[in-house]
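Colleague: sequence plus predicted model, see below.
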Amino acid sequence: MLAEIITIGDEILIGQIVDTNSAWMAAKLNDIGIRIKQISSVSDDRQHILTALAEAANRADVILITGGLGPTKDDITKKTLAEYFNVGIVENMDALANVEAIFRRIRGTLTELLEVNKQQALVPENCEVILNDNGTAPGMWFNHNGKIYMSMPGVPHEMMYMMEEKVIPKLKASLKLPYIIHKTILTVGEGESYLAQRIADIEDELPPYIKLAYLPKLGQVRLRLSGYSEDESLLSAKVNEFAARIVERVKNVVAAEEDITIEKAILNYMAAKGLTLSTAESCTGGYIAHLITSNAGSSKVYLGGAVSYSNELKESVLGVKHETLTQFGAVSEESVREMVEGALTNFNSDYAIAVTGIAGPDGGTPDKPVGTVWISAARAGKTMVKKLTFGNKRRQNIERSAISALNMLNTLLHDYDK
């Protein structure tokens, strides 16, 4: 079963907003065994939308559409859908009642609706209305020539609730879908080409209904096994069998056996062990702390940290010696070592990580060019330090430094188990 996603809106094409809807919908569809054939973004143009719909119908069984359902003149999706299906526009009383209920909830009482608000209840006459519990624009479900079309609001939270609560259950009830199982293994510190070489023989033995994908990202590679079959028990057994073989083969770089980030894997591990963590950041400016605290439950592990951008704070907060900074500079092995050990001592944590470097695009010197970064991870009795050299892209340097520091911490944590 194949699906296509069409997002409508000039604001996407000019880069004013980022299309996060498509990635989210694709993941949800994939979870129920519907594969994405194509994702398209089109302008608020009648002919462009008509062409996209016709082309999608030639490629996919399910066409999901978001955007262009607002009350203003530039929102033309409903009229264009009616033209595409060659039907008229009618007022749907359930949709109108929903609009009235929303305005009553917002205002505390129902005053006279503007005509533009009432028009939200106008829909193509051949659609099944899917009520929007979080906004005034209804969703519209169409069955046409053996294809399913589903038009939803472009506002992310409205679309997400509609998909999860109504559209996904309706798709599962309407279609005969295969069982699908995904198994993700998170690895850190080894490139995809090296991983592929190490597990080449295992990959060659995969049955045709199981595929292996390599998903690299900044010092990490997710290995995702995806299986499709009508025999759920056989599929589960085979996916688990091959996942176990891969984990055993590359266990030295495995951080998690589920689809989570490296920081979440670290938090889960440390929480289970009752361990605490602190951070000392300079060039990353608190980005590591942000990654950690973006996860619910991080307070069980993360005590806090210091963004010691200046030398003065490195001295006063972390206890870095003035002589160290004078002799070796802030971006040095000696300074990052004192930063991480100062965090351990001053914040009274079991583990700490520290980063100092030159993020750029300026500030470099001949012996310490832009992109020079020192990272460190420590626990009582052991400190790891490493120098990294990146490019001159500030944002990338910050992200790579943070992930490298987390990877080093992950290595130190598992080294303690040996």
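Modeller: Now that the structure is in, tell me what you want to look at.
Colleague: go through the longest helix along the chain and flag the buried ones.
Modeller: Under DSSP state H, the helix in the chain containing the largest number of residues is helix 394-415. By neighbour count with 16 or more other Cβ atoms under 10 Å, helix 394-415 contains the buried residues 394, 397-413. Every C-beta, even on glycine, is put in place using the N, C-alpha and C of the backbone.
Colleague: now swap in stretch 134-152 and tell me
Modeller: 135-142, 147-152.
Colleague: ends of it, how far apart?
Modeller: 12 Å (Cα to Cα, to the nearest Å).
Colleague: likewise stretch 202-214?
Modeller: 14 Å.
Colleague: who's in contact with it?
Modeller: By Cβ atoms under 8 Å, 6 or more residues apart in numbering, the surrounding residues in contact with stretch 202-214 are 192, 195-196, 221-229, 235, 238-239, 242, 245-246, 249.
Colleague: quick revisit: what is the most widely separated pair among the buried residues of stretch 134-152?
Modeller: Largest separation among those by Cβ to Cβ: Thr136 and Lys147, giving 27.1 Å.
Colleague: returning to that earlier point: just the ones of the contacts of stretch 202-214 in helices?
Modeller: Glu192, Leu195, Ala196, Leu235, Lys238, Val239, Phe242, Arg245, Ile246, Arg249.
Colleague: if I look at the third one, how far off is Thr389?
Modeller: This means Ala196. 25 Å (Cβ to Cβ, to the nearest Å).
Colleague: then the second one?
Modeller: Using Cβ to Cβ, we find Leu195 at a distance of 23 Å from Thr389.
Colleague: these two: who's more crowded?
Modeller: A direct count of neighbours by other Cβ atoms under 10 Å for Leu195 and Thr389 places Leu195 higher, at 20 against 12.
Colleague: bridging residues for the closest residue to that one other than its chain neighbours?
Modeller: Excluding the flanking residues, the one nearest Leu195 by Cβ to Cβ, 6 or more residues apart in numbering is Val221, at 5.7 Å. Using DSSP bridges, the bridge partners assigned to Val221 are Thr187, Pro216.
Colleague: what of Thr389?
Modeller: Beta-bridge partners, per DSSP bridges, of Thr389: Thr372.
Colleague: let me know the pLDDT of it.
Modeller: Note on Thr389: pLDDT of 95.
Colleague: residues touching it, list them.
Modeller: Pro369, Gly371, Thr372, Val373.
Colleague: buried subset of the residues you listed, written for ChimeraX?
Modeller: In ChimeraX syntax, the buried subset of these is picked out as below (16+ other Cβ under 10 Å):
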select :371,372,373
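Colleague: adding distance to Arg337 and pLDDT, write the contacts of Thr389 out as TSV.
Modeller: Shown next, in TSV, are the contacts of Thr389 (distance: Cβ to Cβ, whole Å; pLDDT from 0 to 100):
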residue	distance to Arg337	pLDDT
Pro369	21	96
Gly371	20	96
Thr372	16	97
Val373	14	98
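Colleague: so which of the contacts of Thr389 would you say is closest to Gly381?
Modeller: Val373 (24.8 Å).
Colleague: what's near enough to touch that closest one?
Modeller: Counted by Cβ under 8 Å, 6+ apart, Val373 has contacts 283, 331, 355-358, 387-390, 397, 400-401, 404.
Colleague: can you check Ser298 too?
Modeller: With Cβ under 8 Å, 6+ apart, Ser298 has these contacts: Leu267, Ile292.
Colleague: which residue is the nearest non-sequential neighbour of Leu388?
Modeller: Leu388's closest residue in space is Val373 (Cβ to Cβ, 6+ apart), at 4.6 Å.
Colleague: which element is encountered next along the chain beyond the lowest-mean-pLDDT helix or strand in the chain?
Modeller: When each helix and strand of the chain is scored by mean pLDDT, DSSP states H and E, helix 115-118 comes last, with a mean of 78. Next along the chain after helix 115-118, taking DSSP states H and E as the criterion, comes strand 122-124.
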